[in-house]
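Colleague: Predicted model and sequence below, questions to follow.
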Amino acid sequence: MKIFRWFGLMALPFVIVLAGYFLVETELTPTTALAASNSVTFPPLDQLEHYTTVRRGITREHMLTSPEALAALKAGQPVPTGTHMVLVDYQSDVLTRYLVGQKISDGADQWEYQWFWPDQIVKADENVARCYSCHRSKQSEQFMFTFDGAISDDDAL
């Protein structure tokens, strides 16, 4: 009987490690959930209007949105559902990415964000939840850091 008890005590750590291996293995499977978890679409850029440019060192960011969104902003109204706000990011005059915010429903805070490579493919491993957490600080300006540029008529490219 002592042999069975001793064997059981010695085998228990092995059984625990083995069970843990099989349980944890499914959680370590690669996933694209960070990018695939939202419904942001890449907009038709030729239908958007440039409204401001932000320059910081080697960075140049062109901001684009729809004429309807700009009209709503200038009228003090919320932008329409489906609106895309696009940051076209250039580093040393080389296009490096598109950052896209899209209003997904009627609520004021119903924005989702996505990063797209220059070829307009989603950057699958980007944590876009960070975008929303930062833009939340601009809730009073429709979640836009470039709100003033959107309601102004005097932006030079």
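Modeller: Right, received. Where do you want to start?
Colleague: For the strand ranked longest in the chain, which strands pair with it and how are they oriented?
Modeller: For the chain, the longest strand by residue count, based on DSSP state E, is strand 94-103. Here strand 94-103 has these sheet partners by DSSP bridges: strand 84-91 (antiparallel), strand 111-116 (antiparallel).
Colleague: Outline the domain layout of the chain.
Modeller: According to automatic domain parsing, the chain comprises the domains 2-30, 34-151.
Colleague: which stretch in the ones you listed has the least confidence?
Modeller: Ranked by mean pLDDT, these bottom out at domain 2-30, with a mean of 48.
Colleague: Quick one: the strands paired with strand 94-103 as a markdown table, columns for mean neighbour count and distance to residue 57 too.
Modeller: For the C-beta atoms, the positions are set from N, CA and C on the backbone; glycine is no exception. Converted to a markdown table, the strands paired with strand 94-103 look like this (neighbours: other Cβ atoms under 10 Å; distance: least, Cβ to Cβ, whole Å):
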| stretch | mean neighbour count | distance to residue 57 |
| --- | --- | --- |
| strand 84-91 | 20 | 9 |
| strand 111-116 | 21 | 20 |
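Colleague: could these be laid out in JSON lines, adding distance to residue 53?
Modeller: Below are these laid out as JSON lines (distance: least, Cβ to Cβ, whole Å):
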{"stretch": "strand 84-91", "distance to residue 53": "9"}
{"stretch": "strand 111-116", "distance to residue 53": "19"}
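Colleague: Determine which of those strands approaches residue 149 most closely.
Modeller: Residue 149 sits nearest to strand 84-91 of all those, at 11.2 Å, using Cβ to Cβ.
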